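S.K.: pasting the sequence and the predicted coordinates here, then a few questions.
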Amino acid sequence: MSSVEAGQDAKPSTVTQIIRDLREAAVLTGAERRGLTAAAVVTAAWACLPFISDGYLLSLGISITIFAGLATSWTLFSGPTNYISLATAAFFGIGMYIVAGGVNLLPYPVLILIAAIAGGLFAALIGLATLRIAGVYFVIFSLGLAELVRQVVSWGQHVMGTSSGLYVLIDRSDSAFFWQLLVLTIVVYLVSWWIGRSRLGFALRIIGNDEVVAVHCGINTARAKVVLFVISSTFAAIAGALVAPRWSYVEPTLAFSPFLSFQVVIMSLLGGVHRLWGPLLGVIPFTILWEFISAKFPSQTTLLLGVAFLLIVYFIPHGVIGLIEDLMKRRGGLLNSLRAMLKKDGGK
Amino acid sequence: MDIIITGLLLGGTYALMAMGLQLQYGVARIMNLANGEILVAGAFGTFWFYSATKFSPLYSLIFLIPLAFVANWAIYDVLIRPLVRRAKSQGQLEVDSILATFGISFIFVGGLLAVFGGEYLSYSYLARPIFILGEPYGLNRIAAFIGAIVLCASLYIWLHKTRAGLALRAVAVNPSAAGLVSINVPRASALAFALGGAVAAAGGSLLSMFLTFDASLGVVFTLKALVIVIMGGVSDIRGAIIASFILGLAETTVATLVDPGLTLAAAYVLFLAILLIKPEGLLGRRSS
């Protein structure tokens, strides 16, 4: 695996780092095993949702599942490194368009595979161009990326003479659709969890703390960043491919809407980007709030979401999970906070 | 020839736009992703002024510039300064200000949508042809170009010939050293941010004379301004001016020869080229 190779560059220079590294590579601890079991139980319960309801609740569940996957894969790269990607919509739209364009030519699973590869390749190109240099170039590049791809797609359709809207008519029940997305989200979680424990994840956290230090530790920072960005973007492209049949009508302005990138960032930040489960704590309340806002104030959604975004940035900079951790620390007093510090699994 | 002149005319307005962003990023050290939205707000202001009064859109600058200045000063004071205080490092401030201004940009878009609706707007002012070297050009484009050049030149002279301008340039070079020679750095940053916003709004006002615009167009202008600033080198206004004309020319070439819908692609191609060849900018110096 290329990711493992990237991690091998992280030559620890001090004893403490060696110890941390060893602990990271060690077998599951008891707490981790309990955590995994709990996660499996919750996931299994969640998977039963279609049996309870097939109407509104299921469609809300579908939204939550999509965004849980998107937000977690966003956090996978942008959380530890602080390189904020505003381009989720670009990859999501690419996945969607590949399905929409090829639905009459190739079987659906093949299209999903193509979408994943295309998303990954595109991310690799962008990463190689912008992530080799430190600084804000990557953020700026990602800012207009969805709009750029939209312009190119519209132009391509114009040149080829096809109409701008495409129909994706694949027969899928809502339940099947829900399970499909759930599988993707579970894969995202497993990959994120595995990367968080690996040397690659460790390398990324060093990059996020201080890129110069990371370079001096012998980490190939560019490679680590590009690999992670590719993984994260591939997931977004697959999500787009999976969602396409549900939308059934795909159009450039819808598929590449900057709103999606915005929502993913806001949900991840609300939850907290320094823990694996952080984004989920943002996705659930925010999706419900979003349903409420778009039902009550359909014409003010942009404005209200901008305000919500600012509130989060100013008042809960470390997300809900940061709040919870602060609260626990304050309650438990010095002893518990010391214990928590010792137990801290290098999440930040 | 046609392409070159249209491109240069466009470049003039871009230069103004980029100077605004450069003040905000170079002096106040805030990467303002809402810059394009302020520009679009300026365009809407002029549209509203012209359709209400029928006076020349150029007069709208008289109230738009002070208004944008005050509004941006308020944005800096209320929204950005807490982040500056909170930030433990330059990197932290960068992340926070990117997120905050990204949020602000959505508030602007939402506000404009609520007030003006989501349609494409344009108005017809000085839509007469004028002949240069036998080719017709819109008089409005030339008026906007002249307006932009006048504003650019006065800003340049102000920055280079007055004490306040010198203070701003000093902060751009080194904020902590500027503090040592009794420059009020927080105030200079606020001034630069407000001035940058006013310049962006003026740029939008001028662009509205010949462009069709809608509320969601801001991000495109933000990106173009950012590309110009990076291409020119963050610390050098002359670089930004050259870069503006390069972008104006590139865009016009793409729009004329390929498709008018691909102007952003032109900006991205230039961006990629500069990242791959000379990331420190045309006139920038390699720092490390």
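M.R.: Yep, that arrived.
S.K.: so how far is A:A241 from the nearest residue to A:I114 once chain neighbours are set aside?
M.R.: Once flanking residues are discounted, A:I114 sits nearest to A:I98: 5.5 Å by C-beta to C-beta, 6 or more residues apart in numbering or on different chains. C-beta: built from backbone N, CA, C; applies to glycine. In this view, A:I98 and A:A241 are 6 Å apart by C-beta to C-beta, to the nearest Å.
S.K.: which residues are common contacts for those two?
M.R.: Common neighbours of A:I98 and A:A241 are listed as A:111, A:115 (criterion: C-beta atoms under 8 Å, 6 or more residues apart in numbering or on different chains).
S.K.: return the residues in contact with the residue of chain A found nearest chain B.
M.R.: Nearest residue of chain A to chain B, counting by C-beta to the nearest C-beta: A:L303, 2.7 Å away. Listed by C-beta under 8 Å, 6+ apart, the contact partners of A:L303 are B:106-107, B:109-111, B:113-114.
S.K.: nearest to B:P82, of those?
M.R.: Of all these, B:P82 sits closest to B:I107, with 16.4 Å by C-beta to C-beta.
S.K.: neighbours around that closest one, how many?
M.R.: B:I107 has 20 neighbours, counted by other C-beta atoms under 10 Å in any protein chain shown.
S.K.: okay, A:I98 and A:A241: which has more neighbours?
M.R.: Between A:I98 and A:A241, A:A241 has the larger neighbour count (other C-beta under 10 Å), namely 29 against 24.
S.K.: could you tell me the phi and psi values at the more buried one?
M.R.: With angles defined as degrees, to the nearest 10, A:A241 sits at phi -60, psi -40.
S.K.: try B:I130
M.R.: Per degrees, to the nearest 10, the backbone of B:I130 is at phi -130, psi 140.
S.K.: coming back round to it: can you put the contacts of A:L303 in CSV and add distance to chain A?
M.R.: Below are the contacts of A:L303 laid out as CSV (distance: C-beta to the nearest C-beta, whole Å):
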residue, distance to chain A
B:F106, 3
B:I107, 3
B:V109, 5
B:G110, 3
B:G111, 6
B:L113, 6
B:A114, 6
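S.K.: now these: which count as buried?
M.R.: Of the members of the contacts of A:L303, the ones counted as buried by neighbours, 16 or more other C-beta atoms under 10 Å in any protein chain shown, are B:106-107, B:109-111, B:113.
S.K.: among these, which lie within strands?
M.R.: Using DSSP state E, no member of the buried ones among the contacts of A:L303 falls in strands.
S.K.: which residues does A:A129 contact?
M.R.: Residues near A:A129 by C-beta under 8 Å, 6+ apart: A:141, B:272, B:275-276.
S.K.: can you redo these as CSV with neighbour count?
M.R.: Below are the contacts of A:A129 laid out as CSV (neighbours: other C-beta atoms under 10 Å in any protein chain shown):
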residue, neighbour count
A:F141, 26
B:L272, 16
B:L275, 19
B:L276, 13
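S.K.: mind putting these into a markdown table with distance to B:P57 and secondary structure?
M.R.: Compiled in a markdown table, these are given as follows (distance: C-beta to C-beta, whole Å; DSSP: H, G, I helix; E, B strand; the rest coil):
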| residue | distance to B:P57 | secondary structure |
| --- | --- | --- |
| A:F141 | 34 | helix |
| B:L272 | 35 | helix |
| B:L275 | 37 | helix |
| B:L276 | 40 | helix |
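S.K.: for B:L23, helix, strand, or coil?
M.R.: Counting by DSSP: H, G, I helix; E, B strand; the rest coil, the backbone at B:L23 sits in helix.
S.K.: distance of it from B:T53?
M.R.: Distance of B:L23 to B:T53, given as C-beta to C-beta: 30 Å.
S.K.: likewise A:N82?
M.R.: A:N82 sits 48 Å away from B:T53, going by C-beta to C-beta.
S.K.: and these two? Which one has more around it.
M.R.: Neighbours were counted for A:N82 and for B:T53 using other C-beta under 10 Å; A:N82 has more, 17 against 11.
S.K.: and stretch A:155-169, anywhere near chain B?
M.R.: Yes - counting by C-beta under 8 Å from any C-beta of the partner chain, chain B has neighbours in stretch A:155-169: A:155, A:158-159.
S.K.: most neighbours, which of those residues?
M.R.: Busiest of these [other C-beta under 10 Å] is A:W155, holding 17 neighbours.
S.K.: quick check: that one touching B:G261?
M.R.: Yes - using C-beta atoms under 8 Å, A:W155 makes contact with B:G261 at a distance of 5.5 Å.
S.K.: show me what from the stretch 151-288 of chain B comes close to chain A.
M.R.: Residues of the stretch 151-288 of chain B lying near chain A (C-beta under 8 Å from any C-beta): B:216, B:219-220, B:222-223, B:226-227, B:230, B:258-259, B:261-265, B:267-268, B:271-272, B:275-276, B:279.
S.K.: now B:L61: which helix or strand?
M.R.: According to DSSP states H and E, B:L61 maps onto helix B:57-75.
S.K.: which strands or helices does that helix pack on?
M.R.: helix B:35-53, helix B:139-161, helix B:185-207 (3 or more C-beta pairs under 8 Å, 6 or more residues apart in numbering or on different chains; DSSP states H and E).
S.K.: and among the ones you listed, the most buried is which?
M.R.: helix B:185-207 (a mean of 26; mean count of other C-beta atoms under 10 Å in any protein chain shown).
S.K.: next, the angle helix B:139-161 makes with that helix.
M.R.: 160 degrees (axes from the mean of the first three to the mean of the last three C-alpha atoms, to 10 degrees).
S.K.: which strands or helices does the following helix or strand past helix B:185-207 pack on?
M.R.: For helix B:185-207, the succeeding helix or strand toward the C-terminus, using DSSP H and E, is helix B:218-232. Judged by 3+ C-beta pairs under 8 Å, 6+ apart, helix B:218-232 is in contact with helix A:137-143, helix A:145-160, helix B:2-22, helix B:35-53, helix B:90-116, helix B:237-257, helix B:263-277.
S.K.: ok, which of those comes nearest A:G319?
M.R.: Among those, helix B:90-116 comes nearest to A:G319, with 12.2 Å by C-beta to C-beta.
S.K.: avg pLDDT for the closest one?
M.R.: Across helix B:90-116, pLDDT averages out at 85.
S.K.: kindly report the same for stretch A:157-164.
M.R.: 75.
S.K.: A:A222 sits in which helix or strand?
M.R.: In this structure, A:A222 sits in helix A:221-247 according to DSSP H and E.
S.K.: partners of the helix or strand following that helix in the sheet?
M.R.: Moving toward the C-terminus from helix A:221-247, the next helix or strand (DSSP H and E) is strand A:249-250. For strand A:249-250, the pairing partners within the sheet under DSSP bridges are strand A:166-167 (antiparallel).
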